[in-house]
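Chemist: missing the sequence, but the structure's below:
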């Protein structure tokens, strides 16, 4: 099992899966993500995501009427530290450009466009379908586990 290495002073963009794995204590990924959260607590990194994360993370607890899980997400998101960026016209236009030039689905294009807009240096995900993104290192959790 590999180890997640996040450089000091990194600007890290996380997609929704990272929050899901953390809140739901995913057996494969929860421990792997602890260096990220430790660096955040120590203010060694900045972490960004899109407000789209809220929609994506809350669907299942709402659908399953799982109030405990919904409360867990709300509590995690209220801790601060992760800067949630609103979806604005600049991001939507960049996402449209990304969709037009790649196979990204709309939610992924919004995440990537937001990462670009925040000048993120790392994009943390578990989506192997993400294409190479100029000036942005994509880290796929499963690849880290398998390394």
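Modeler: Nice, I can see it. Everything quoted here is computed from the prediction, not taken from an experiment.
Chemist: quick one: the helices in this structure?
Modeler: Under the criterion DSSP state H, helices of the chain are mapped to 16-23, 34-41, 52-63, 67-78, 89-101, 106-117, 141-146.
Chemist: and residue 10, which of the ones you listed is closest to it?
Modeler: Residue 10 lies closest to helix 34-41 among those, at 7.9 Å (C-beta to C-beta). In short, each C-beta sits where N, CA and C put it, glycine included.
Chemist: Run the chain-centre distance for that closest one.
Modeler: Here helix 34-41 is found 14 Å from its chain centre; the criterion is C-alpha atoms, centre = their mean, to the nearest Å.
Chemist: Residue numbering should commence at 329 henceforth.
Modeler: Got it, the first residue is 329 from now on, which makes the last one we talked about helix 362-369.
Chemist: so what's the residue of the chain positioned farthest from its centre up against?
Modeler: Distance from the centre of the chain peaks at residue 393, with 24.2 Å (C-alpha atoms, centre = their mean). For residue 393, the contact set (C-beta atoms under 8 Å, 6 or more residues apart in numbering) is empty.
Chemist: now do the one 4 residues further on
Modeler: Residues in contact with residue 397 (C-beta under 8 Å, 6+ apart) are 351, 352, 388, 389.
Chemist: Tell me the predicted confidence for the third one.
Modeler: Yep, that's residue 388 we're talking about. The model reports residue 388 with a pLDDT of 95.
Chemist: give me the number of residues near it?
Modeler: Neighbour count of residue 388, defined by other C-beta atoms under 10 Å: 14.
Chemist: Check the last one too.
Modeler: The tally of other residues near residue 389 (other C-beta under 10 Å) stands at 19.
Chemist: which other helices and strands contact the lowest-mean-pLDDT helix or strand in the chain?
Modeler: When the helices and strands of the chain are scored by mean pLDDT, DSSP states H and E, helix 469-474 comes last with a mean of 91. Helices and strands touching helix 469-474, by 3 or more C-beta pairs under 8 Å, 6 or more residues apart in numbering; DSSP states H and E, are helix 344-351.
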